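# A structural model of the following input is requested.
(one chain, ligands or ions: 1)
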Amino acid sequence: MKRLTVPDILARKGGTPMVVLTAYTAPMARILDPMVDILLVGDSLGMVVYGMESTLGVSVDMMARHGRAVASQSKHALVVVDLPFGSYQESPAQAFATSARILNETGCQAVKLEGGIEMSDTVNFLVERGIPVMGHVGLMPQRVHAMGGYKYQGRNEEDAENILRDAKAIQDAGAFSIVMEGVKESVAHDITTKLRIPTIGIGASPACDGQVLVIDDMLGMGGYIPSFVKPYAHISQVIEQAVKTYGEEVRNRTFPSDEYCFPYRKKTP
Ligand code: KIV
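Presented below is the predicted three-dimensional model:
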């Protein structure tokens, strides 16, 4: 199976919407890889995998470790790894060092960073040195404190204009696609039609060129589920039922039954 490339993703602008999901572990990457266009090793792993309250505590070491696990099981999707908070905002040189480390250590194909016009020099610096960059505008979780919470963005005309300005700046700096998070449909539509690069929406309506969801949210793994997420499964209930049955069978000694015991066990009187 041929791996999708950055030019393949660019060519999807305005075509069949792209399917993007986060993945943080090798077994999940193995399942998702043939079915998605992009696997995103999001820094949401801080909250989803490590139980943090925000993504701010995620380190480059964590991203490198999970990025490697995901990339090791991927043959088809483009694998994008998030640059975590504090690892790229200081300067283009800092962003290059972090991105180079992540590409070297994980085998992923691109990095993602949050920010608008203020990050455009950094995006340009990376792209000119051969590092494909996915942007991220609108609701930017790494700025949760500055934004006063995880709030929908682009509520008034001025905010909507700013998001468009940010998205254009990131595109013009050379990004190959851009995540738009938590924006109104009218804003997502306007930006998607005005950009040359594909937009990937999360809580941003079907107007985008693709959709991304956090895998644990869409599988119904439990915990808080944002209102824009459709639970395609209720895996936490499946796990609860399986563990309940296992617990009962261990306690009443019906597990392990003969078929799950080594032969010598059967011979024991
Ligand atoms: O970290 C992440 O999972 C993300 C997606 C929500 C887009 O950035």
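# near the ligand, which residues of the stretch 101-250 of the chain are found?
Proximity of the stretch 101-250 of the chain to the ligand (Cβ under 6 Å from any ligand atom) is limited to residues 136, 179, 181, 202, 212, 214. (Each C-beta comes from the backbone N, C-alpha and C, glycine too.)
# and for the nearest residue to residue 140 once chain neighbours are set aside, the neighbour number?
Closest residue to residue 140 apart from its sequence neighbours, by Cβ to Cβ, 6 or more residues apart in numbering: residue 114 at 4.2 Å. Residue 114 sits with 24 neighbouring residues when counted by other Cβ atoms under 10 Å.
# likewise the one 3 residues further on?
Using other Cβ under 10 Å as the criterion, residue 117 is surrounded by 16 other residues.
# show me the strands in this structure, by range?
Taking DSSP state E, the strands of the chain run over residues 18-22, 38-41, 78-82, 110-112, 133-138, 177-181, 199-202, 210-213.
# which of those sits closest to residue 251?
Closest approach to residue 251 among the strands of the chain is made by strand 18-22 (36.8 Å; Cβ to Cβ).
# got a list of contacts for the closest one?
9, 12, 32, 35-42, 44-45, 48, 198, 200, 209-215, 218 (Cβ atoms under 8 Å, 6 or more residues apart in numbering).
# now the strands of the chain as JSON lines including mean neighbour count and mean pLDDT?
Formatted as JSON lines, the strands of the chain follow (neighbours: other Cβ atoms under 10 Å; pLDDT from 0 to 100):
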{"stretch": "strand 18-22", "mean neighbour count": "23", "mean pLDDT": "98"}
{"stretch": "strand 38-41", "mean neighbour count": "28", "mean pLDDT": "99"}
{"stretch": "strand 78-82", "mean neighbour count": "28", "mean pLDDT": "98"}
{"stretch": "strand 110-112", "mean neighbour count": "25", "mean pLDDT": "99"}
{"stretch": "strand 133-138", "mean neighbour count": "28", "mean pLDDT": "98"}
{"stretch": "strand 177-181", "mean neighbour count": "27", "mean pLDDT": "98"}
{"stretch": "strand 199-202", "mean neighbour count": "28", "mean pLDDT": "98"}
{"stretch": "strand 210-213", "mean neighbour count": "22", "mean pLDDT": "98"}
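# which one of those lies closest to residue 57?
strand 78-82 (13.4 Å).
# distance from that closest one to the middle of the chain?
Mean C-alpha position of strand 78-82 versus that of the full chain (Cα atoms, centre = their mean, to the nearest Å) differs by 8 Å.
# and that strand, anywhere near the ligand?
Yes - Strand 78-82 lies within reach of the ligand by Cβ under 6 Å from any ligand atom, at residue 82.
# CA atoms of that strand as CSV?
Taking Å, rounded to 0.1, in the frame of the first residue of the first chain, the C-alpha atoms of strand 78-82 are listed here in CSV:
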residue,chain,number,x,y,z
LEU,A,78,0.4,10.6,6.2
VAL,A,79,1.6,10.7,9.8
VAL,A,80,1.7,14.2,11.4
VAL,A,81,3.0,14.9,14.9
ASP,A,82,2.1,17.9,17.0
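# direction included, what does that strand pair against?
Using DSSP bridges, strand 78-82 pairs in its sheet with strand 38-41 (parallel), strand 110-112 (parallel).
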